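**Student:** what would the 3D arrangement of this be:
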Amino acid sequence: MITELYTMHRAELLKYCCMICGNVNDAEDLLQETFMKALSDLDLLEELGEKERRAWLYKVARNLFYDACRRRAVEKNNRIQAEEETDGGFSEAETAMILSALPPELSQLFILRYFEGYTSKELAEVYGLSPSGVRAALSRARKLLREKLK
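**Tutor:** Next up is the predicted model:
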């Protein structure tokens, strides 16, 4: 049954997929997804007449296309938000400008601790300090940032 459907509707459905996708590669992927869905819903398709099967294929292709568009929009929105904002709600440019107020060694320490997730103990090993020395330096950095932000 699926071979028959594929043979009868592949070329016509590929044209439709090209029209809605705008390029051949995405259209071929959509066509493949459509027939994979048909394969999983074979019982339903066997109950339908020839015209209903054709309509079902077009409807599935359209719905899969819409789902992919929605998924891409959500991913793009999430990616933009992640790129533009840090945990404090500042953009990357604003964060860089704020951190430039710190001396370079404190700025680097601050970035490693609060943005990269290193612990005070790990930073102590890297910088040759004690963990309490790292915490004291970070405290100075936070104090300087508070003063600059006022």
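
**Student:** hey, where'd the strands end up in this structure?
**Tutor:** Along the chain, counting by DSSP state E, no stretch forms strands.

**Student:** mind jotting down where the helices sit in it?
**Tutor:** Here the chain has its helices, by DSSP state H, at 2-21, 24-40, 42-47, 50-84, 92-99, 104-114, 120-127, 131-149.

**Student:** which helices and strands sit right next to the fourth one?
**Tutor:** Counting contacts by 3 or more Cβ pairs under 8 Å, 6 or more residues apart in numbering; DSSP states H and E, the secondary-structure elements packed against helix 50-84 are helix 2-21, helix 24-40, helix 42-47. Using the backbone N, CA and C atoms, a C-beta is placed for each residue, glycine as well.

**Student:** redo the ones you listed as CSV? Include mean pLDDT, mean neighbour count and distance to residue 132.
**Tutor:** Below are the helices and strands packed on helix 50-84 laid out as CSV (pLDDT from 0 to 100; neighbours: other Cβ atoms under 10 Å; distance: least, Cβ to Cβ, whole Å):
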stretch, mean pLDDT, mean neighbour count, distance to residue 132
helix 2-21, 91, 15, 59
helix 24-40, 93, 16, 56
helix 42-47, 89, 11, 68
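
**Student:** out of those, which comes closest to residue 112?
**Tutor:** helix 24-40 (41.3 Å; Cβ to Cβ).

**Student:** need the contact partners of that closest one.
**Tutor:** Applying Cβ atoms under 8 Å, 6 or more residues apart in numbering, the external contacts of helix 24-40 come out as 2, 5-6, 10, 13-14, 17-18, 20-21, 45, 56-57, 60-61, 64-65, 68.

**Student:** the lowest-mean-pLDDT helix or strand in the chain: which residues count as buried?
**Tutor:** When each helix and strand of the chain is scored by mean pLDDT, DSSP states H and E, helix 92-99 comes last, with a mean of 75. For helix 92-99, the neighbour count (16 or more other Cβ atoms under 10 Å) marks 95, 98, 99 as buried.

**Student:** go on, stretch 143-150?
**Tutor:** 144, 145.

**Student:** mean confidence for it?
**Tutor:** Stretch 143-150 carries an average pLDDT of 82.

**Student:** contacts for that stretch, please.
**Tutor:** 98, 99, 101, 102, 106, 110.

**Student:** check these and tell me the two furthest apart.
**Tutor:** The two members of the contacts of stretch 143-150 with the most space between them (Cβ to Cβ) are 98 and 106, at 12.4 Å.
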